[in-house]
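J.: Below are the sequence and a predicted model; questions follow.
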Amino acid sequence: MQRKTRRNIFLLFIAIIAIAFIIGYRVWNEPHKNIKNASGTKTTATALYSDLTKDSATMKSKWVNKIVIVSGEVKQVLKNQTGQQIILLKTNLEGGSVNCTMEENINNITPGNKIIIKGICSGYISGDPDLDLPGDVFLTRCYRSI
Amino acid sequence: MKKITLVLALFTLMTMAANAQVYYTKNGRVTFFSKTVLENIDAENNQVISVLNTETGALQFSLLNNAFHFPKAKMEDDFNEDCMESDKYPRSTFKGKIMNLNEVSFNKDGSYPVNVNGDLTIHGVTKNISTTGTITIKNGNVSATSSFKVLVRDYKIQIPSIVSNKIGESIEVKVACNYQKK
């Protein structure tokens, strides 16, 4: 009887370790959030840029690390060093853009096109005021939104 | 004749000063890598703002910590929440200078080794660092690369004990920027 109890305790112990290992493994390997099908807060490139350049804590908590759906006019289409498409959306400030790194490239997109882009907002980086270079608001892992 | 030469020389100098070249990128690349027993950790950030003044040699970089992308979501969460405390310290920056600017010909194609010195701010801690890099001029296009090591304890980065065996003490940081003229 005592031996059986000891065996049961041992088995329980093994089971707990196995469960902990499985949970740990699954948490560690959890995939990234699916942005493509996620919902987000709608705004315009001009409004988002104006909100985040105010350097207000309220605006930061409203937008930073959130999924945003931004509509705007394409200013420039570039490529980064890994070949990802970069779409710059116009704001009310010349030289300041909403800088979107695309997860899926969009074909046939040219400056002047109106577009809606969904992505995660990383925030605003100021440029260099002394050199008259405005900063950008950055979106990562972006998709075209309909 | 001498006067004309002098005027011409002055004019050339003035033109050079007026053309104080500022190059910038808003999509520069910073990656880091740490080799560990369990798993290698590497992350990339392709949204780095960098400004290079070819007249003064002033060089700056600025990035948002939360724009680092990791292969695993959990790594990204741990990095932002526990290591970098990205809510509290959203940016990492470098402000410095190219020390051997006279050895770089920005109007001549080539690959120029540079020594850079400046202040690196990570996790709210600023340290003066010196490193080397390369400036490449190709068909008038300016690009820069550098690679250096950062010790996490220098920047008071606390690594939670549960993942401490996954992150090395020393992180190798690589920078690569393709600039455009302002």
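T.: Ah, there it is. Residues are numbered from 1 along each chain as shown, chains lettered A, B, ... in the order given.
J.: alpha carbons only for contacts and neighbour counts from here, please
T.: Fine.
J.: Which residue, other than its chain neighbours, is closest to the residue nearest the centre of chain A?
T.: When C-alpha atoms, centre = their mean is applied to chain A, the residue found nearest the centroid is A:Ile120 (2.2 Å). In this structure, A:Ile120 finds its nearest non-sequential neighbour in A:Ile67, 4.5 Å apart by C-alpha to C-alpha, 6 or more residues apart in numbering or on different chains.
J.: okay, B:Val7: pLDDT?
T.: Looking at B:Val7, its pLDDT reads 56.
J.: Also B:Phe11?
T.: Note for B:Phe11: predicted pLDDT of 50.
J.: avg pLDDT for the helix ranked longest in chain A?
T.: With secondary structure taken from DSSP state H, chain A has its longest helix at helix A:2-28. For helix A:2-28, the mean pLDDT works out to 90.
J.: helices or strands next to that helix in the packing?
T.: helix B:73-78 (3 or more C-alpha pairs under 8 Å, 6 or more residues apart in numbering or on different chains; DSSP states H and E).
J.: could you point out which element follows the helix it packs on?
T.: strand B:91-98 (DSSP states H and E).
J.: Neighbouring strands of that following strand in the sheet, and parallel or not?
T.: strand B:58-64 (antiparallel), strand B:110-122 (antiparallel) (DSSP bridges).
J.: what about the closest residue to chain A within chain B, how many neighbours?
T.: Taking C-alpha to the nearest C-alpha, chain A has its nearest neighbour within chain B at B:Ala73, 4.8 Å off. By other C-alpha atoms under 10 Å in any protein chain shown, 17 other residues sit near B:Ala73.
J.: before we move on, the earlier item: now the helix or strand that the longest helix of chain A is followed by, how far from the centre of its chain.
T.: Toward the C-terminus, helix A:2-28 is succeeded by strand A:41-44 as the next helix or strand (DSSP H and E). When distances are taken as C-alpha atoms, centre = their mean, to the nearest Å, strand A:41-44 is centred 14 Å away from the chain's centroid.
J.: State the mean pLDDT of strand A:41-44.
T.: Averaging pLDDT along strand A:41-44 yields 97.
J.: Then stretch B:169-176?
T.: 90.
J.: Please apply the same query to stretch B:59-74.
T.: Mean predicted lDDT for stretch B:59-74 stands at 94.
J.: Likewise for stretch A:76-87?
T.: Rounded mean pLDDT across stretch A:76-87 is 95.
J.: that older thread, what about the residue nearest to A:Ile120, how many neighbours?
T.: Neighbours of A:Ile67 using other C-alpha under 10 Å come to 22.
J.: Could you report the distance from it to A:Glu103?
T.: Taking C-alpha to C-alpha, to the nearest Å as the criterion, A:Ile67 is separated from A:Glu103 by 14 Å.
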